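In: Let me see the structure of the following:
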Amino acid sequence: MKFAVLVFPGSNCDIDMLKAVEDVVRQPVDYVWHTATDLSDYDAILVPGGFSYGDYLRCGAIARFAPVMAEVRKAAEKGKFILGVCNGFQILTEAGLLPGALIRNNSLKFRCHPVDLRVENAGTAFTNDYEKGEVVRIPIAHGEGNFYCDDETLARLKANNQIVFRYAGENPNGSVDNIAGICNEAGNVVGMMPHPERAVSDLLGSADGARMFKSALQAFVSQAASAR
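Out: Numbering: from 1, shown residues only. Next up is the predicted model:
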């Protein structure tokens, strides 16, 4: 299984993401610059956190026009696995690959600390190693992590089981329905504000995030076996 970690000007979690893949699942992984026009060699695409293009206009609003995003869309349509974390989540919503939007935290403050998350959907490409209802601990680091959508979209997310994570304790940003992460209807594209790549070892305070990378590998192996 081959992973791509996208890199935009202003990305700052790309190294963490690449090291998580190397340390947890030990699969091939490359940095891929935002000008890339071919992602066909990759089975999973990771869109990391940071401040792409300085977060000018809105978080992710410029990054969604980067050449590589056309390839991300193609990969999503082909069923390849895509994970957007923090700024990566913002980019995926701006690109229309996930519904809703991320707006300023209701406190208007940057929040950076561990949070408890409840796993709401254990059937996605990135959550199959968890149990539905399980509570895990993964850190956040964002100023614009307040997930917003209208009532119609929220009803659709619930009906299609697209809510992947909810904040289990304090809601740190005011997101609607305590949503911390969602997926597309197919379950191969996941976006979340907390940082699983920062929770891959007990030395970091939690290893709960490592299972997202293990899930992706398990999903890929299962998919490959079914294709035989």
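
In: doesn't S52 make contact with I62?
Out: Yes - I62 is within contact range of S52, at 6.9 Å (criterion: C-beta atoms under 8 Å). C-beta coordinates here come from the backbone N, C-alpha and C atoms, glycine included.

In: Which residue of these two possesses the greater neighbour count?
Out: S52 (29 against 19; other C-beta atoms under 10 Å).

In: where does that one fall, phi/psi-wise?
Out: When read as degrees, to the nearest 10, the backbone of S52 gives phi -50, psi 130.

In: Please identify the buried residues of the helix ranked longest in the chain?
Out: In the chain, with assignment by DSSP state H, the single longest helix is helix 210-227. Buried residues in helix 210-227, defined by neighbour count with 16 or more other C-beta atoms under 10 Å: A210, R211, M212, F213, K214, S215, A216, L217, A219, F220, Q223.

In: Give me the neighbour count for the residue lying closest to P99 once chain neighbours are set aside.
Out: Using C-beta to C-beta, 6 or more residues apart in numbering and skipping the chain neighbours, the partner closest in space to P99 is T153 (5.2 Å). Using other C-beta under 10 Å, T153 has 16 other residues around it.

In: What distance do you get for T153 to G169?
Out: Per C-beta to C-beta, to the nearest Å, T153 is found 25 Å from G169.

In: from the chain's centre, how far out does the host helix or strand of R73 sit?
Out: Element membership for R73 (DSSP states H and E) is helix 67-77. Chain-centre distance of helix 67-77: 15 Å, with C-alpha atoms, centre = their mean, to the nearest Å.

In: Skipping adjacent residues, who's closest to G10 in space?
Out: F51 (4.2 Å).

In: So what pairs up with Y148 in the strands?
Out: Beta-bridge partners for Y148, by DSSP bridges, are A101.

In: Model confidence at it, what's the number?
Out: At Y148, the model reports a pLDDT of 98.

In: Count the residues that sit near it.
Out: Y148 has 16 neighbouring residues, counting by other C-beta under 10 Å.

In: thinking it is in contact with G100, fair?
Out: Yes - applying C-beta under 8 Å, one finds Y148 in contact with G100, separated by 6.2 Å.

In: and for I62 and S52, which residues touch both?
Out: Counting by C-beta atoms under 8 Å, 6 or more residues apart in numbering, I62 and S52 have no shared contacts at all.

In: give the contact list for G60.
Out: Taking C-beta under 8 Å, 6+ apart, one finds S52, N87, Q90, I91, L92, T93, E94, A95, L102 in contact with G60.

In: which SS class is the nearest residue to A141 once chain neighbours are set aside?
Out: Using C-beta to C-beta, 6+ apart and skipping residues adjacent in sequence, the residue nearest A141 is C112, 4.4 Å away. Judged by DSSP: H, G, I helix; E, B strand; the rest coil, the three-state class of C112 is strand.
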